[in-house]
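1. Here is the input, now give the coordinates:
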Amino acid sequence: MLSSKYSQRGVSSQKEDVHRAIQKLDKGLFPNAFCKILPDFAGNDERFCNIMHADTAGTKSVLAYLYWKETGDNSVWKSIAQDALVMNLDDMACVGAVGDLVISSTIGRNKHLVTGEVLQHLIEGAAELLEEWRSLGIKIHSAGGETADVGDVVRTVDVGFTAFTRMERKNVLEINLQPGDVIVGFASFGKATYENESNSGIGCNGLTSARHDVLAHEYYQKYPESYDRHVKEELLYAGSKKLTDIEPETGLTIGKLLLSPTRTYFPVIQKIFAEKIKISGMIHCTGGGQTKVLKFADKVKIIKDNLFEPPPVFKLIQAESGTDLKEMYEVFNMGQRLEVYTDEQSAQRILEISKSFAVEAKITGRVESSDSTEIVIKNGQNAFVFSKTS
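-> Below you'll find the predicted structure:
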C-alpha cells in the first residue's frame with residue numbers, strides 16, 4: 001500500500017517525527033493559525049506581528065532533474081522555483097498575510113551533476129515569476145539568497161525559499177471551524193486567468209510516491225543519483241511509464257503531467273480578504289492531503305461529500321501504485337488544494353470571486369457538531385473516516 005511504501009522510502013505524508021519534535025515548542029501568538037505568528041520583532045509594535053515561513057519543492061526537484069537529463073528541457077526549472085515559492089506564499093495567505101512579502105532563496109546542488117546553466121534558469125525563472133505576480137497586484141520582493149555546492153549533502157538539487165512579512169494582528173485569520181460552516185473547495189487543476197497553461201493539479205506533495213510508483217525501472221540503473229540507496233530496489237522506479245510517454249486524456253507527457261507547477265491561489269485569496277468576507281478557516285491542502293484540516297479542528301465532524309472528480313494525474317498514480325482511495329486522499333490533494341470554511345451566504349460570494357479568475361470552485365462539504373474530531377470523505381459508494389489522534 002502507498003502509506004507503507006511511503007514509509008519504506010524514507011518519507012511521511014503526515015510528518016509524525018517532525019510534529020513530535022516540535023510539540024513542546026511555543027505555538028506563537030495565535031496557536032491555531034495555519035502559520036506560526038510571532039511578535040513584532042521588526043517594529044516592536046503590539047498592533048503588528050511578524051511571520052516567517054520556509055519551504056522547498058521537495059523531491060519534485062529530483063523529477064525535474066530526470067526530465068532535464070532526458071529531454072534537455074530547461075523550462076522545468078522555472079516551474080520548480082514556482083513550486084517552492086507557492087508552498088510558502090499560499091501557506092502564509094491562509095492566515096491573511098497578503099500584503100508586502102520578502103523572499104530569499106536557498107539552493108543546494110551537486111555541482112558535478114547540476115550545471116551553472118541550471119542555476120541560471122532557477123534564479124532567472126524565480127525573478128520572472130516575481131515580476132509576473134507583481135503585475136497581478138502581489139507585493140513581493142526578493143532579498144537574494146544563498147546558493148551552495150554541497151554534493152556531500154545533496155545528491156542532485158534542492159530548491160527552497162524563506163518568506164517574511166509584517167502585518168496587523170487584527171487581520172490575522174485563526175482557524176475556528178463552526179458547525180454549520182460549508183466548505184468552499186478550489187480546484188488544483190485547469191487554467192486560471194493568470195496561468196499560461198493548463199495545470200494537472202499535482203501540486204508539490206507526494207512526489208516521492210508519484211515518481212517511484214509511476215516511472216519505469218530503467219531509471220534505477222540510469223540515474224542512481226536520483227534515489228536513496230538505503231531503500232529496497234523493488235520500491236524504486238516500480239512503475240511502467242517513461243517520462244516521454246503520453247498520457248492520453250491530457251495529451252501531456254508523463255514528465256510534464258507530474259511536473260505541472262503548483263498553482264498559486266494568492267490572487268483569489270487576496271480578493272477574498274480585500275472584501276472582508278467572513279471566514280472560519282482557510283486550509284492549504286499540502287502535507288496530509290484532504291486530511292490536513294484535522295490538525296486545526298476540534299470536536300467537529302467535517303464531511304466532504306462533493307469533492308472534485310480526481311484529475312487524470314491522480315488516477316494514473318493510483319493505477320500504477322495499486323493503492324486504495326483512502327490512502328490517496330491522505331497523501332495527495334486529489335484535485336482540491338485549497339478550502340475555505342464559511343457560512344453559506346459568504347460562500348456564494350467566494351464562488352463568484354473564484355469564477356472571475358477561472359479557478360473552478362464549489363461547495364464540497366460541511367461541518368457538523370460532534371463529540372469527537374473526524375473527517376468523513378465520501379466517494380461514490382465509499383466513505384472513508386479519518387480521526388484526530390492528538
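
2. where does the protein dip in pLDDT?
-> 1-7, 9-23, 390 (pLDDT under 70).

3. where do the helices sit along it?
-> 2-8, 16-22, 60-71, 75-93, 116-134, 207-214, 218-222, 254-259, 266-274, 312-321, 325-331, 344-356 (DSSP state H).

4. So which of these is nearest Phe34?
-> Closest to Phe34 of the helices of the chain is helix 75-93 (CB to CB; 6.3 Å). All C-beta atoms are positioned from the backbone trio N, CA, C, and that covers glycine.

5. Just name whatever secondary elements the closest one is in contact with.
-> If contacts are counted by 3 or more CB pairs under 8 Å, 6 or more residues apart in numbering; DSSP states H and E, helix 75-93 sits against strand 48-56, helix 60-71, strand 101-109, helix 116-134, strand 157-168, helix 254-259, helix 266-274, strand 281-284.

6. Now it: buried residues?
-> Using 16 or more other CB atoms under 10 Å as the test for burial, helix 75-93 gives 76-93.

7. now the spatially most central residue of the chain, nearest residue through space, not along the chain?
-> With distances taken as CA atoms, centre = their mean, the chain has Thr286 as the residue nearest its mean C-alpha position (4.0 Å). Excluding the flanking residues, the one nearest Thr286 by CB to CB, 6 or more residues apart in numbering is Asn205, at 5.2 Å.

8. Same check on Glu247?
-> Leu257 (5.1 Å).

9. Identify the residues contacting the one you found.
-> Residues near Leu257 by CB atoms under 8 Å, 6 or more residues apart in numbering: 200, 202, 247, 250, 312-313, 316.

10. Specify which member of the residues you listed is nearest to Thr291.
-> For these, the residue nearest Thr291 by CB to CB is Ile202; the value is 17.9 Å.

11. how many neighbours does Glu344 have?
-> 11 (other CB atoms under 10 Å).

12. so it sits right up against Ile183, yeah?
-> No - taking contacts as CB atoms under 8 Å, Glu344 lies outside contact range of Ile183: 11.0 Å.

13. Now do the shared contacts for those two.
-> Counting by CB under 8 Å, 6+ apart, the common neighbours of Glu344 and Ile183 are Ile363.

14. mind listing what the closest residue to Ala383 other than its chain neighbours touches?
-> Among residues not flanking Ala383 along the chain, Val376 sits closest, at 5.9 Å (CB to CB, 6+ apart). Shown in contact with Val376 (CB under 8 Å, 6+ apart): 301-305, 383-385.

15. any idea how far Val385 is from Val376?
-> Distance, Val376 to Val385, using CB to CB, to the nearest Å: 6 Å.

16. ditto for Gly96
-> According to CB to CB, Gly96 and Val385 sit 31 Å apart.

17. Could you pick out the buried ones from the contacts of Val376?
-> 301-304, 384.
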